[in-house]
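> following is a predicted model, sequence given first.
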Amino acid sequence: MTARAEHPARPRAVCVMNPGIIDLVLPPDTYARLAALTDLVTIEPWSPATCPDALADAEILLTGWGCPRLTADVLARAPRLRAVLHAAGTVKELVSDAVWERGITVSSAADANAGPVVSYTLALITLAARRTLTTAAGYRDDWPDFAGRPGGDGLTVGIIGASRIGRGVIEGLRRADAGYRVLVTDPYVTEDEARRIGAERVELAELCRRSTVVSVHAPLLPETTGLLDARMLALIPDGGALINTARGALVDTEALTEECASGRLETYLDVTDPEPLPPGHPLYSLPNVLLTPHIAGAQGSEVRRLGAYAVEETARWLAGEPLLGEVTRDRLKRLA
């Protein structure tokens with residue numbers, strides 16, 4: 001399906017997303033705002049055979065779930081393209097070296113996606129502080145004595161990765177009235193910067209040893225793959241919890257499964273490696289494990305935030321203003 005707003009004097013913007021996604025990301029008011037700024041063409045679903053004309057005149061590509069990787073072959077169909085504005089989070093699977101070689105500006109709505117992930121993570125930390133999964137699993141057989149119930153006041157929480165989401169979680173913990181002690185590990189954060197954002201900077205092993213709850217917010221890079229291996233997981237104190245809303249491959253799944261099967265740790269996983277886990281995997285049935293299907297980010301009615309962010313980036317780009325979500329080739333290496 002191709003829809004076109006007839007504004008030939010305006011720069012051509014082409015929107016490429018999966019069928020059904022555009023209506024969620026660009027509800028009528030947001031779509032109208034974009035159409036007022038550009039000569040807008042929407043393509044759903046993407047097919048190189050059906051969209052050469054639209055791409056030939058495109059100056060702006062508004063992308064989302066379902067847009068193909070922007071390889072040299074795809075970009076050859078869009079000789080006038082100058083900006084890629086992504087109405088979703090990571091652009092790692094979207095952009096290729098050809099994008100940077102063409103000097104095309106890239107922006108991501110990851111900032112708009114961060115809010116829901118931060119809120120979701122803070123909720124999981126609250127659950128983990130009360131050992132909710134373990135307590136719930138024994139509810140029918142053992143009503144816990146009130147004096148023995150765990151709480152969150154003064155709890156030490158370890159944040160792996162001072163990313164935009166990691167910093168948002170730190171800020172949320174700092175504002176909480178539970179008196180959380182927050183540790184952070186990140187090779188790009190100094191001790192002074194950590195103090196400014198409300199945390200103590202430590203190395204990963206120390207963070208695992210001292211934290212009752214460990215929450216993962218690092219990007220997936222060659223050097224971070226399997227970051228939480230058997231040795232690091234074993235350092236988390238008995239009765240502790242691991243939360244992962246980042247990338248599944250940051251954690252050694254086999255080692256984590258062994259820790260959870262022993263009952264030593266609670267685990268709250270919104271991402272896994274592989275994703276999804278194969279049918280019958282032990283993590284599905286362990287009572288101290290909560291698995292959710294990658295729902296921490298913007299969902300349902302929340303995805304309109306991503307579209308609104310991308311449309312405002314369009315307005316800024318057209319006005320020659322700095323983009324709030326600009327992604328550069330060098331910066332991409334450190335992003336999720």
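Perfect, I can see it now. Residues are numbered from 1 along each chain as shown.
> from residue 218, how far out is residue 75?
When C-beta to C-beta, to the nearest Å is the yardstick, residue 75 and residue 218 sit 31 Å from each other. Every C-beta, even on glycine, is put in place using the N, C-alpha and C of the backbone.
> so for those two, which residue has more residues nearby?
residue 218 (26 against 19; other C-beta atoms under 10 Å).
> tell me the gap between the longest helix out of those in the chain and the middle of its chain.
If you go by DSSP state H, the chain has its longest helix at helix 110-129. A distance of 10 Å separates the centroid of the chain from that of helix 110-129, by C-alpha atoms, centre = their mean, to the nearest Å.
> what helices and strands are in contact with that helix?
Using 3 or more C-beta pairs under 8 Å, 6 or more residues apart in numbering; DSSP states H and E, the elements in contact with helix 110-129 are helix 164-175, strand 213-216, strand 241-244, strand 266-269, helix 304-318.
> which among these is found nearest to residue 138?
strand 266-269 (12.6 Å; C-beta to C-beta).
> helix or strand next in line after the helix or strand bottoming out on mean pLDDT in the chain, which one?
When each helix and strand of the chain is scored by mean pLDDT, DSSP states H and E, strand 2-4 comes last, with a mean of 42. Next helix or strand after strand 2-4 toward the C-terminus (DSSP states H and E): strand 12-16.
> tilt between that next one and helix 304-318?
Counting by axes from the mean of the first three to the mean of the last three C-alpha atoms, to 10 degrees, strand 12-16 points 160 degrees away from the direction of helix 304-318.
> listing partners with orientation, what would you give for strand 12-16?
Partner strands and pairing direction for strand 12-16 (DSSP bridges) are strand 39-43 (parallel), strand 58-63 (parallel).
> list the buried residues of the very next helix or strand once past the first one.
This means strand 39-43. The helix or strand immediately downstream of strand 39-43 is helix 52-56, counting by DSSP H and E. Using 16 or more other C-beta atoms under 10 Å as the test for burial, helix 52-56 gives 54, 55.
> what's the answer for stretch 320-334, then?
323, 325, 326, 327, 332.
> sort these by pLDDT and name the bottom one.
In terms of pLDDT, the lowest of those is residue 332, showing 85.
> thought that residue was touching residue 95?
Yes. Look at residue 332 against residue 95 with C-beta atoms under 8 Å: they come within range, at 7.3 Å.
> where exactly do the strands run in the stretch 151-300 of the chain?
Assigned by DSSP state E, counting those that start in this stretch, the strands in the stretch 151-300 of the chain fall at 156-160, 181-185, 200-201, 213-216, 241-244, 266-269, 289-291.
> these into TSV, with extra columns for distance to residue 172 and mean pLDDT?
Output for the strands of the stretch 151-300 of the chain, formatted as TSV (distance: least, C-beta to C-beta, whole Å; pLDDT from 0 to 100):
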stretch	distance to residue 172	mean pLDDT
strand 156-160	10	98
strand 181-185	10	98
strand 200-201	17	98
strand 213-216	11	98
strand 241-244	13	98
strand 266-269	16	98
strand 289-291	19	98
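> including mean neighbour count and distance to residue 231, could the ones you listed go into a markdown table?
Listed next are those as a markdown table, based on neighbours: other C-beta atoms under 10 Å; distance: least, C-beta to C-beta, whole Å:
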| stretch | mean neighbour count | distance to residue 231 |
| --- | --- | --- |
| strand 156-160 | 27 | 15 |
| strand 181-185 | 22 | 15 |
| strand 200-201 | 18 | 21 |
| strand 213-216 | 27 | 14 |
| strand 241-244 | 27 | 14 |
| strand 266-269 | 25 | 17 |
| strand 289-291 | 19 | 21 |
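> in TSV: those, plus distance to residue 260.
Below are the strands of the stretch 151-300 of the chain laid out as TSV (distance: least, C-beta to C-beta, whole Å):
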stretch	distance to residue 260
strand 156-160	18
strand 181-185	22
strand 200-201	28
strand 213-216	14
strand 241-244	9
strand 266-269	5
strand 289-291	5
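> quick check: the spatially closest residue to residue 152 that is not a sequence neighbour vs residue 246, distance?
Residue nearest to residue 152 in three dimensions, not counting chain neighbours: residue 129, with 3.2 Å by C-beta to C-beta, 6 or more residues apart in numbering. Distance, residue 129 to residue 246, using C-beta to C-beta: 20 Å.
> compare these two (neighbour count), which wins?
Comparing residue 129 with residue 246 by neighbour count (other C-beta under 10 Å), the higher total belongs to residue 246, at 27 against 19.
> got a list of what the more buried one touches?
161, 163, 165, 216, 217, 218, 219, 220, 271, 336 (C-beta atoms under 8 Å, 6 or more residues apart in numbering).
> closest to residue 234 out of the residues you listed?
Using C-beta to C-beta, these come closest to residue 234 at residue 216, 16.3 Å.
> what pairs with that closest one across the strands?
residue 160, residue 244.
> so what's it up against?
160, 161, 227, 228, 242, 243, 244, 245, 246, 250, 251.
> give me that answer again for 10 Å
If you count contacts by C-beta atoms under 10 Å, 6 or more residues apart in numbering, residue 216 has them with 121, 158-161, 166, 224, 227-228, 242-248, 250-251, 269, 271.
> alright, calling it a day.
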